[in-house]
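In: Structure for this input, please:
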Amino acid sequence: MKNLKIAKKIILGFSSVFLLLLLIAVTAVTSSVRIGALISEVDVYGGLQSNANELMHILNETRITAGVFYETQLAQVHADVTKQLMYCDLRLEKLYEYIDTHPQLLRFRPNIEAYDALYSKWSSALVGASDHYNLETRLSATDLQTFRQQSDEWRKTNLLAHEILSNTISDIVEISNREMLGTKNFNSIALWIVIGVSGVSLVVTIVMALILMRSITLPLGNMRDVLDQIGTSGNLQISAERQQQLLKVAEGKDETSQCTKALLVLLDRLYRIDETLSHVADGNLTVSMDLQSQQDTMGLAVQKMLHNLNEKFGSITRSTVWVNQKAAELSQGSQHLAEGSRRQSESVENLSESVRRMTEKSKQSAALAQRALNLVGNIQDNAKTGSDKMNQMMQAAQAINASSQSIGKVIKVIDDIAFQTNILALNASVEAARAGQHGKGFAVVAEEVRNLAAKSAEAAKDTGALIDDTMQKAALGASIAQTTSTSLEEIVAGVEDSNAIIRDIATLSREQEEDIQGIISDVAHVESIVEQNNTIAARSANAAGEISNQSNQQMELVQQFRLLQGMMRASEEGMRL
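Out: Numbering: from 1, shown residues only. Below you'll find the model as predicted:
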């Protein structure tokens, strides 16, 4: 039964019910026809009995009138008897017609014919009495005796006829009652048959309904509960009892079994997809998803998701490795920059000290020039003293020349530091551009460092120009001092010229002092810039360290995901690069 299709089961159930209903209908129709036939038979016998009773009634009335005629021998009574006999004849003819009309009554015809023979004999005797006797007058004693003898014979004949008719009526009544009883019995039997067939039909209907319910409703209910559980709660865990019920139903070959098989296949597919997604949630991207067919949209979607995740995380891994490497390089470069800034700061401090010393010497030169100017008036009287002082001035000029050469070296060092700072700033800008979004802040810092280095180079260039000018003027002073020393005899004559020259020297000394003050201001400015560079370099180093730490943390997070071999090799190649 479980291997039949649902349509066949329904057809079988309805066919069984239809056959039982047809059986009930046939039984009812057959019973109705049979009962109708029995009732008709009973009606026929009832009609026969009615006709026979009417004949008996008329015959009894005629017998009474005939008895009166037997006693009175009156013509009027005889006329009445004759008339009643005519009614008896008519009723007898109707009885014959009724019997001839219903073949089942022909068995009573012999009895009626026997009655008719005696009745005819009796009625003929009564009717012929008027022919044998003069009924208008009183009968003679002889006729009366004869009449009485004949009337006794007539009575006997009438009694025999009456007895035959009475027995016939009794037989009719008995047969009619028997037919009536048979009809009642058949009616009861037919009723019990209908009740029995109806009961069997009801039982069969209930059994078929239970079978259909067990083979259709229960499996559909199980499938509905499973689908409702999955649809409302998303829970794919089916109880063991429910699984056993589904497996048992799936053993059949009908539509519910096929639907159950399809549901089990769907559940197995959902279990595999759930397992795959669980691996993905745990970070394992090396799992694969088999396709049921090219129309497996869910499988294709999971495959696409795995492929995209492997590609994305592979790219993230390579980017993270690259950022990590560049952050390390940036951190190392920032450390070198900080170290260079520190050294630059030391060089600027040394330069500042040298400039301060040069300032002192410049002040000394100015003081000497002033003294020379004050002593011009006494040059003539103090020629020897002037010669000595001129020698001192020549020595001071040589010292100034030496100091100017030292300052030129310092300026060269500042220029080299500014050049190196510019190169480091350029490299930092390139590395910041490679770092992309993470290096924007550092690119700004590198640009500021490069601007400061350019300003330092420009200031060093200006300072070098001033130092060259000072050296030229110091050389000129030395030449003048030499000339003055060799031409001491001409000093007196050239006092006026010397006075002018000394005034020029004093002016140049003041200008030199002013230039040195500008150098001091520029050096202070360079020192401030160097301090700023040092601070910026330190901040850059800290930022690079933070970027490196963040990159390492990101790398640790990405390494929690297991990628496919191809993506892993690409990531390893990115790490090597």
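
In: Could you say which helix or strand holds the closest residue to residue 173 other than its chain neighbours?
Out: Excluding the flanking residues, the one nearest residue 173 by C-beta to C-beta, 6 or more residues apart in numbering is residue 49, at 5.9 Å. In this view, the C-beta of every residue, glycine as well, is placed from N, C-alpha and C. In the assignment (DSSP states H and E), residue 49 maps to helix 6-72.

In: quick one: buried residues of stretch 263-272?
Out: Using 16 or more other C-beta atoms under 10 Å as the test for burial, stretch 263-272 gives 263, 264, 267.

In: And stretch 121-134, by the same measure?
Out: Neighbour counts using 16+ other C-beta under 10 Å place 121, 122, 123, 125, 126, 129, 133 of stretch 121-134 among the buried residues.

In: Columns distance to residue 375, secondary structure and pLDDT on top of these, output as JSON lines?
Out: Formatted as JSON lines, the buried residues of stretch 121-134 follow (distance: C-beta to C-beta, whole Å; DSSP: H, G, I helix; E, B strand; the rest coil; pLDDT from 0 to 100):
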{"residue": "121", "distance to residue 375": "221", "secondary structure": "helix", "pLDDT": "86"}
{"residue": "122", "distance to residue 375": "220", "secondary structure": "helix", "pLDDT": "83"}
{"residue": "123", "distance to residue 375": "218", "secondary structure": "helix", "pLDDT": "84"}
{"residue": "125", "distance to residue 375": "225", "secondary structure": "helix", "pLDDT": "81"}
{"residue": "126", "distance to residue 375": "223", "secondary structure": "helix", "pLDDT": "80"}
{"residue": "129", "distance to residue 375": "228", "secondary structure": "helix", "pLDDT": "77"}
{"residue": "133", "distance to residue 375": "234", "secondary structure": "coil", "pLDDT": "71"}
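
In: ok, so of those, who is nearest residue 357?
Out: Residue 357 has its nearest neighbour among those in residue 123, at 195.4 Å by C-beta to C-beta.

In: For that closest one, give me its contacts.
Out: Residues near residue 123 by C-beta atoms under 8 Å, 6 or more residues apart in numbering: 85, 88, 89.

In: Burial check on the residue nearest to residue 173, number of neighbours?
Out: Counted with other C-beta atoms under 10 Å, residues neighbouring residue 49 total 19.

In: please begin residue numbering at 46 from this point
Out: With 46 as the first residue, the last one maps to residue 94.

In: quick revisit: of all pairs in the buried residues of stretch 166-179, which one is the farthest apart?
Out: Farthest-apart pair in those is 166 and 178; separation 18.0 Å (C-beta to C-beta).

In: Tell me who's in contact with residue 294.
Out: By C-beta under 8 Å, 6+ apart, the contact list for residue 294 reads 263, 264, 267, 301, 302, 305.

In: Return a PyMOL selection command for the buried portion of these.
Out: Applied in PyMOL, the following selects the buried portion of the contacts of residue 294 according to 16+ other C-beta under 10 Å:
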select buried, resi 264+267+301+302+305
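
In: For residue 291, give me its contacts.
Out: Going by C-beta under 8 Å, 6+ apart, residue 291 touches 267, 268, 271, 283, 305, 308, 309.

In: From the contact counts, what lies against the helix or strand that contains the fifth one?
Out: With secondary structure defined by DSSP H and E, residue 305 is part of helix 300-326. Applying 3 or more C-beta pairs under 8 Å, 6 or more residues apart in numbering; DSSP states H and E, we find helix 300-326 packed against helix 263-278, helix 285-295, helix 342-419.

In: again, only using 6 Å
Out: Using 3 or more C-beta pairs under 6 Å, 6 or more residues apart in numbering; DSSP states H and E, the elements in contact with helix 300-326 are helix 263-278, helix 285-295.

In: Dump those helices into JSON lines; add mean pLDDT as well.
Out: Output for the helices and strands packed on helix 300-326, formatted as JSON lines (pLDDT from 0 to 100):
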{"stretch": "helix 263-278", "mean pLDDT": "77"}
{"stretch": "helix 285-295", "mean pLDDT": "76"}
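
In: any chance of those in TSV, with distance to residue 416 too?
Out: Formatted as TSV, the helices and strands packed on helix 300-326 follow (distance: least, C-beta to C-beta, whole Å):
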stretch	distance to residue 416
helix 263-278	108
helix 285-295	119
